[in-house]
Each structure stands twice: as C-alpha cells, then as structure tokens.
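Build me a model:
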Amino acid sequence: MCQGPSPALRLLIRPSYVHGGAWRDPEVDSRSFEPAVKVLWNSPLKHAVAGFASINYRLSPYPSHSNNPSSPNDPARNVHYPDHLMDVARALIYLEDNFHIENRYILAGHSAGATMTFELNSWYMRGQPLPKPSCVLGIAGIYNFEAFLEAHKSISAYKELMENAFPDKGLWKEASPYRSHLPGLANWEHAKAIVISHSDQDELVESAQAAFMLERLRTTPHFEGKIHFLKSSGAHDEIWQSGYILADLISKSLQLV
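All right, here's what the predicted structure looks like:
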C-alpha cells in the first residue's frame with residue numbers, strides 16, 4: 001500500500017480525521033475512521049505514526065432519519081454553522097494541548113468533514129491559534145455551496161441538508177471554502193501539502209466540487225508545488241467503509257509532506 005515512511009515521516013505524524021455525514025447523520029461518526037486505522041496499523045506507515053484521532057462534533061437536526069430521528073430536545077443534534085466547526089477546532093486545540101500535534105499531523109476529512117478542514121480559521125475561535133497541520137487532505141468535499149445545490153436542484157434532500165446545517169444563507173459566502181475570505185490565514189494555509197481527492201464513482205458529490213477547490217487553492221500566493229490531486233475510487237461512503245481506500249489516500253498524502 002505504501003513503500004515505507006520517508007525520513008520526514010519519522011517525526012511521528014498523527015493522522016486526525018473529521019467524518020462526514022452531511023453535518024447531520026448519527027450513523028456516520030468518529031467510528032467511521034476505524035476501518036482505515038486497522039489498515040494503516042498493519043502497514044509500514046505505522047512506524048511513523050504517533051497515534052490516530054477521530055473527531056466527533058455536534059450535529060444538525062435530522063428528524064426524518066429512518067432509524068434514529070433527532071429530537072428537538074437533544075442539544076447534540078440541533079446545532080447549525082458554525083457550531084460543528086467550532087467543535088472540530090476545540091478538538092484540535094485539545095490534541096495540541098495534550099499531544100503537541102503542531103506541524104506533526106495530517107488533517108483528513110471526508111464529505112462534510114472535508115468541508116470543515118478547509119473552513120477552519122482561528123477567527124472562529126476569537127483569535128485562539130489552531131495547531132498548524134503538516135498536510136490537509138479533503139476527500140469528496142463540498143466547497144462551493146451554491147454550485148452544489150444547483151447541481152442537485154432536482155433532489156429536495158440536498159436543499160434540506162444544506163439549510164439544516166446553514167440556515168442563514170447570509171453566511172454562505174463566509175462558510176463556503178471556495179468563496180470565503182475571512183480575516184487572517186485559514187488553517188490549511190499553514191500546511192506543507194494540500195491534497196484534494198475525488199472518485200469518479202461518487203454518486204453523491206459531483207467532481208466539479210474538487211475542481212472548484214483546486215481552483216481556489218491555486219489562486220493562493222506561494223502555494224506552487226504544494227497542491228496535489230489524488231484520484232480516489234469507490235462510491236461516496238465506500239471510501240471510508242472499505243478502510244483500504246481512505247488508508248491509501250492518507251498514506252499517499254503523507255509521502256508528500
């Protein structure tokens with residue numbers, strides 16, 4: 001799966017993962033990283049890894065979920081932007097305070113999790129610094145909100161999930177990684193390598209989203225040589241469910257640091 005750690009990786013990198021689930025699915029949580037962790041732990045990469053972190057965050061309402069509908073009285077399932085994002089930011093600060101991950105972690109996210117990896121900015125935390133990542137890996141992310149809804153305008157569930165997570169459309173420009181220009185540097189701008197990944201078999205997020213984020217990244221000054229695209233395989237959730245696909249993307253991304 002990988003050819004063994006490069007000298008740079010011997011610094012002990014900590015892969016940190018932000019799950020997807022459209023900001024609201026209770027069945028896609030931090031445990032979705034477990035299949036990839038099992039693969040990585042049995043690969044040559046394990047000698048360069050200090051540990052793994054998988055981050056949970058509060059969810060937006062999902063009262064129509066078929067197996068586990070949300071209750072309006074559940075504080076863990078009734079939040080909106082930027083609360084999910086601030087939970088992820090607090091988790092990274094916790095990891096820094098306890099495990100000293102600055103410049104020694106890859107921040108990987110899938111779907112809505114990928115969106116959040118590119119939204120992170122200390123501006124949300126009133127200037128409290130976030131630990132700088134070595135690499136940021138966005139897989140099947142949603143980066144241009146308006147284009148995302150336009151591409152799926154015939155399916156009401158897309159409008160519903162976006163409005164659940166981001167009910168104030170006045171904040172969409174701020175929240176959309178493709179369009180956002182918040183004060184200060186976004187956390188991804190500190191990374192040594194930025195990786196965007198997408199699968200042609202993804203049935204839920206269109207490939208144009210990856211193209212939008214690559215366009216945004218390539219307009220960032222001083223990022224020549226740091227931006228990479230890794231083609232993935234498999235359906236949207238197969239990427240993390242299989243373990244092997246997500247683990248392979250993390251391994252390849254770490255070789256770029």
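
going forward, measure contacts between C-alpha atoms and count neighbours the same way
OK.

okay, now Gly109: neighbour count?
Using other Cα atoms under 10 Å, the number of residues around Gly109 comes to 26.

Then the one 5 residues further on?
The local packing of Ala114 (other Cα under 10 Å) involves 27 other residues.

Tell me the buried residues in the host helix or strand of it?
Assigned by DSSP states H and E, Ala114 belongs to helix 112-119. Going by neighbour count (16 or more other Cα atoms under 10 Å), the buried part of helix 112-119 is 112-119.

Mind pulling up the pLDDT for Ala165?
What the model reports for Ala165 is a pLDDT of 96.

Sorry, slip of the keys, the one I care about is Gln255.
At Gln255, the pLDDT recorded in the model is 89.

Phi and psi next, for it.
The phi/psi pair for Gln255 (degrees, to the nearest 10) reads phi -70, psi -10.

got it, and Arg218?
phi -70, psi -10.

Would you confirm that it contacts Glu224?
Yes: between Arg218 and Glu224 there is a contact under Cα atoms under 8 Å: 7.5 Å.

of these two, who's got more company?
Arg218 (14 against 11).

gap between the more buried one and Ser71?
42 Å (Cα to Cα, to the nearest Å).

in the stretch 1-150 of the chain, what spans have low per-residue confidence?
Counting by pLDDT under 70, the stretch 1-150 of the chain contains low-confidence ranges at 1-12.

let's see 50
1-10 (pLDDT under 50).

That one: helices as residue ranges?
Ranges of helices in the stretch 1-150 of the chain, per DSSP state H, counting those that start in this stretch, are 34-41, 83-99, 112-119, 145-151.

can you put these in JSON lines and add distance to Leu246?
Below are the helices of the stretch 1-150 of the chain laid out as JSON lines (distance: least, Cα to Cα, whole Å):
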{"stretch": "helix 34-41", "distance to Leu246": "6"}
{"stretch": "helix 83-99", "distance to Leu246": "20"}
{"stretch": "helix 112-119", "distance to Leu246": "13"}
{"stretch": "helix 145-151", "distance to Leu246": "23"}
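
Look at the closest residue to Ala151 other than its chain neighbours and give its secondary structure.
Nearest non-adjacent residue to Ala151, counting by Cα to Cα, 6 or more residues apart in numbering: Glu206, 7.8 Å away. Three-state call for Glu206 (DSSP: H, G, I helix; E, B strand; the rest coil): coil.

For Glu206, what are phi and psi?
Dihedral angles (degrees, to the nearest 10) for Glu206: phi -80, psi 150.

ditto for Ala193
The phi/psi pair for Ala193 (degrees, to the nearest 10) is phi -150, psi 140.

again with Lys252
Torsion angles, degrees, to the nearest 10, at Lys252: phi -70, psi -40.

Return the distance of stretch 57-70 from the chain's centre.
Distance of stretch 57-70 from its chain centroid, counting by Cα atoms, centre = their mean, to the nearest Å, is 20 Å.

Pull out the buried positions in it.
So, applying 16+ other Cα under 10 Å, buried residues of stretch 57-70: 57-62, 70.
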